[in-house]
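**Q** Quick check, what structure comes out for this input:
(chains A and B)
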Amino acid sequence: MKKKEILCDFLLWILFAILLGLTISFSFLPLLSVNPFQALTVMFSETFSSTYNMGNILIKTAPLILTGLAFTFTYKANLYNIGAQGQFYSGCICASAVSLALGGKLPGPIVILLAGMAAILGGAVVGFIIGFLKAKFNANEFLISMMSTYVIQYVMQLLLRTSLQESKHEYLKTDYLDKSTWLPKIIPGTSVSLGIVISLLVAVLVWYVLYKTSLGFRIRATGLNQDAARMSGISPQHQYMLAFAISGAIAGLAGLVEINGMQHMLLTGFDTQIGSYGIGIAILANAHPLAVVPASLLFGFLQVGGTALGHSTDAPASVIDLLQGFVMLFVLMSFYFRRKAELNKLKKKRIVTEEA
Amino acid sequence: MGKNIIVELKHINKRFAKVLANDDVSMVIKEGEVVALLGENGAGKSTIMKILYGLYHATEGEIFINQKKVEIRSPKEAMACGIAMIQQHFSLVEAHTVTENIILGHCKGKIDFTEKEKEIQALADQYHFDVPAGELVKNLTVGAQQKVEILKALYLNAKIIIMDEPTAVLTPQEADVLMGFVRDYVAKGNSIVFITHKMKEVLEVSDRIIVLRNGKISGTIEEGEIRTVKESELVNLMIGHDLEIIKAPSMTGTDNRKNRLEVEHVSLRSKDNIPLLDNVSFSIKEGEILGFAGVSGNGQQELCEAIYGARKLHAGKVILDGEEISQLAVKERIEKGIGYLASDRYRYGMISGMTLSENILLKASYLKNWVKNGIIKWKELNNYTENIIQEYKVKAPDHEVVIGSLSGGNQQKVVVAREVDRGEKLIIFDQPTRGLDLGAINYVHKTIMREKSKGKSILLVSTELSEIFALSDRIAILYKGKIMGIFQNGELSTEQIGLLMAGYELKEA
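**A** Model prediction:
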């Protein structure tokens, strides 16, 4: 009963913040000599004009859920995985390599399964290395995870120039994956693949692990008070490595969803912002694994809507970033103001809360 | 002798949220004297001096310097008044040289380093400080770093230097050098305030002693009295007068019981190689309470953590029920049935942002009680927590509230309940009643006695002698990481224990 009230209150705040963010960002459109009302109409009508376009939202959403979850997971251990982009690329490399090598030789579902495992492993290894450096040398995980993205990016480039390059040796991309290794489409008339289902399942799984298992409990305990965790026989170092490995695995799986579900090949410089959007989504979701889903949907919608805006009006494509930026800004501000309002309420009730 | 008063603090009150750190403290500092501020950790010694140094601001009260009322809003203003403070943790830039550290913030424009270095070296030599002015601070010993801090004060012509626990980090030889400096400096008409909880060094150098307890001045030893004051009197002032002996529990039958915990020649050193525990040996039998008395900061926490596995021993063994556990990690020692109630509950004992249930689960996350195949059995855990709430009369609406929202006493009840549950064989209570109200104290005491009667062994650390007397079968006294003696409860008078706590051996009577 009380919980419901809090949830409602919370959702209202967020909704208000999102609307405010959109309003403000639209009010900038006249500077680009775009009529904001017309833009709004275009955005909605184009996006919801066809199932295909609506499907596109889901396509955009699927990998975003995963990178959002990746950031969420380490965040619960009070760690910052800024490098989901790199772990995602690592997953992409592994998924495409396995699919290319085995595609057509083994039954499709088995290849997809192996590719998925490879993607998870690829991301997990990168994540684990970051966690290991943090645990062993107390390195700054923020920096390492960020820099690791560049390393993986160049490894990817190298592979695309050498062993993974297409048979024509023309562009920095791989051959198309064998059709049998594509994730099956689930909604007719769109390109929506099984990827969205995988992402949703992972969101539920992450929630389950964090809140229903002792493993997740230990990670959360470490995140909230690592001294108390250490005194309770929980080694914070182990939790760092574990949290980063799992986080990397989730981001790596996004590689499968993109490669086998959408791109059907690996190419240089694609989805370059997927990691940073993940951070925004996790923050938008207040780092709750289930809230990551609607937050990703919002980002997916803004991307599709923004693209529509881009080619139907004179607004540049970067207008998407403007929209997302403002929405995030206002949601973050709403957390602050909501907390302040709550504290004021508490003060009025003269309830003494102890700040830890 | 009519020394001039230079600093006068009048009716200083300082509040931190709900805690009254200084309660109507008035004191003076005279020219050419060493004032010792004596008191236990948390008595408010550092707070009052930080107010004088401008780091904190008094909630109420006035400060006079040379009879003029002043307001000291920052260390910079304090320094302008000739007051310098040497913090317990030095504020030095390790990657800079001694000279750079000393002139930091007090130089402008182009700096002639050779000139400055000469100046600093001359200053150091003047006080016979063996500190190379051009050396990097990180290459210096802790003792030398402290001298750099002192030089910083001297460079600014400080007339009063406040030293916060200056000998805590020093070897005995370095401490002697420091005492030499103190005498030199004071002889030149300057003053020193010495914050400490060590009685011996206080008597060595001080002209006057001000004793603080719970934020209040509990006694002042004037210049004339200092040669005659007894250490036990100081102990009484520091730890309070409430030393009536409550009836000691009977200890019949304890002697045939077997030893549960044996600690053999345990030594522990800090990172700087300062001994924290020195060859500590003792044993606790089944159903026995061994109380550790001592002024806090004499190795109690280290001892508890060593037994619990949170610190690596440098030497010695810890044996539980005949099995050596010295090499086991905390997790394994919890499995063996050791409970540990840490004195710093907020930091080590609980997770404020988690619910009561989650805090109960905290130490059992690797055990089978509420976890099956890695999945938490929330229902059972929640039921169990509800029982705890009932049984311990915890004032909480349900198991779902976060523990941080409860009052201190209720938080402690939850944590005690957890440790009692984990500690099937041995429970370590480090200051279990610190900061609690009387009702909660009573409850914790009853719980300790109940667990003892179940045959559990209990190690009780307390700075409240009355608590030690009321609960312990035997009493050990810890001073500077050494056991000064272990006695049956009732064998020694409070005065004798006070002397041992102050580091004096008992003379054979």
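**Q** okay, the residue in the stretch 101-250 of chain B positioned nearest to chain A: pLDDT?
**A** Of all residues in the stretch 101-250 of chain B, B:Lys138 sits closest to chain A, with a separation of 17.9 Å (Cβ to the nearest Cβ). C-beta here means a position set from N, CA and C on the backbone, and glycine is covered the same way. Looking at B:Lys138, its pLDDT is 86.
**Q** just the helices in the stretch 151-300 of chain A please.
**A** Across the stretch 151-300 of chain A, reading from the start of the chain, the helices by DSSP state H, counting those that start in this stretch fall at A:195-212, A:214-224, A:226-231, A:236-258, A:274-284, A:292-312.
**Q** Mind putting these into a markdown table with mean neighbour count, mean pLDDT and distance to chain B?
**A** What follows is these, written out as a markdown table (neighbours: other Cβ atoms under 10 Å in any protein chain shown; pLDDT from 0 to 100; distance: least, Cβ to the nearest Cβ, whole Å):
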| stretch | mean neighbour count | mean pLDDT | distance to chain B |
| --- | --- | --- | --- |
| helix A:195-212 | 19 | 96 | 6 |
| helix A:214-224 | 23 | 96 | 5 |
| helix A:226-231 | 21 | 95 | 4 |
| helix A:236-258 | 28 | 97 | 10 |
| helix A:274-284 | 24 | 91 | 18 |
| helix A:292-312 | 22 | 88 | 20 |
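**Q** Arrange these in TSV, one row each, with distance to B:Met85 as further columns.
**A** Conversion of the helices of the stretch 151-300 of chain A to TSV gives the following (distance: least, Cβ to Cβ, whole Å):
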stretch	distance to B:Met85
helix A:195-212	46
helix A:214-224	35
helix A:226-231	28
helix A:236-258	34
helix A:274-284	42
helix A:292-312	50
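**Q** residues of the strand or helix carrying A:Cys92 that come out buried?
**A** Here A:Cys92 sits within helix A:84-102, counting by DSSP states H and E. By neighbour count on 16 or more other Cβ atoms under 10 Å in any protein chain shown, the buried set for helix A:84-102 is A:84-100, A:102.
**Q** what's the angle from the helix or strand following that helix to helix A:195-212?
**A** Once the chain leaves helix A:84-102, the next helix or strand it forms, by DSSP H and E, is helix A:108-137. Using axes from the mean of the first three to the mean of the last three Cα atoms, to 10 degrees, the direction of helix A:108-137 lies 40 degrees away from that of helix A:195-212.
**Q** what comes up buried for helix A:108-137?
**A** Here helix A:108-137 shows A:108, A:111-112, A:114-135 as buried, counting by 16+ other Cβ under 10 Å.
**Q** where does the chain dip in pLDDT?
**A** Unless you meant another one, I'm taking chain A. Low-confidence segments of chain A (pLDDT under 70): A:1-2, A:346-356.
**Q** Please refer instead to chain B.
**A** B:1-2, B:17-19, B:41-42, B:240-255, B:438, B:507-509.
**Q** How is it divided into domains?
**A** B:5-239, B:259-337+B:423-435+B:455-503, B:347-422 (automatic domain parsing).
**Q** Take those domains and lay them out in CSV including mean neighbour count.
**A** Formatted as CSV, the domains of chain B follow (neighbours: other Cβ atoms under 10 Å in any protein chain shown):
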stretch, mean neighbour count
domain B:5-239, 18
domain B:259-337+B:423-435+B:455-503, 20
domain B:347-422, 19
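**Q** A:Leu29: which of these is closest?
**A** Set against A:Leu29 and scored by Cβ to Cβ, the domains of chain B come closest in domain B:347-422, at 41.8 Å.
**Q** Which residue, other than its chain neighbours, is closest to the closest residue to chain B within the stretch 101-250 of chain A?
**A** Taking Cβ to the nearest Cβ as the measure, the stretch 101-250 of chain A has A:Gly233 as its residue closest to chain B, at 3.3 Å. By the measure of Cβ to Cβ, 6 or more residues apart in numbering or on different chains, the closest residue to A:Gly233 outside its immediate chain neighbours is B:Lys331, 3.3 Å from it.
**Q** do the same with A:Glu46
**A** For A:Glu46, ignoring the flanking residues on the chain, the nearest one in space by Cβ to Cβ, 6+ apart is A:Ala308 at 3.6 Å.
**Q** ok, now which ones touch that neighbour?
**A** A:Ala308 is in contact with A:Val42, A:Met43, A:Glu46, A:Thr47, A:Asn53, counting by Cβ atoms under 8 Å, 6 or more residues apart in numbering or on different chains.
**Q** Highest neighbour count among those residues?
**A** Among these, the one with the most neighbours (other Cβ atoms under 10 Å in any protein chain shown) is A:Met43, at 25 neighbours.
**Q** Remind me which helix or strand that residue belongs to.
**A** Remark: A:Met43 resides in helix A:36-47, with elements defined by DSSP H and E.
**Q** Over to A:Ile14?
**A** helix A:2-27.
**Q** How about residues contacting the helix holding A:Met43?
**A** The contact list for helix A:36-47 (Cβ under 8 Å, 6+ apart) reads A:26-27, A:29-30, A:53-54, A:57, A:301, A:304-306, A:308-309, A:312-313, A:315.
**Q** what's the closest non-adjacent residue to the residue of the stretch 51-200 of chain B found nearest chain A?
**A** Each residue of the stretch 51-200 of chain B has a distance to chain A, by Cβ to the nearest Cβ, and the smallest belongs to B:Glu94, at 16.9 Å. Distances taken as Cβ to Cβ, 6+ apart place B:Lys138 nearest to B:Glu94, at 3.9 Å, with adjacent residues excluded.
**Q** just B:Ala342 next, same as before
**A** Here the nearest residue to B:Ala342 in space, its sequence neighbours aside, is B:Tyr348; by Cβ to Cβ, 6+ apart that works out to 3.7 Å.
**Q** Could you do B:Glu60 as well?
**A** Here the nearest residue to B:Glu60 in space, its sequence neighbours aside, is B:Asn13; by Cβ to Cβ, 6+ apart that works out to 4.1 Å.
**Q** Great, nothing more from me.
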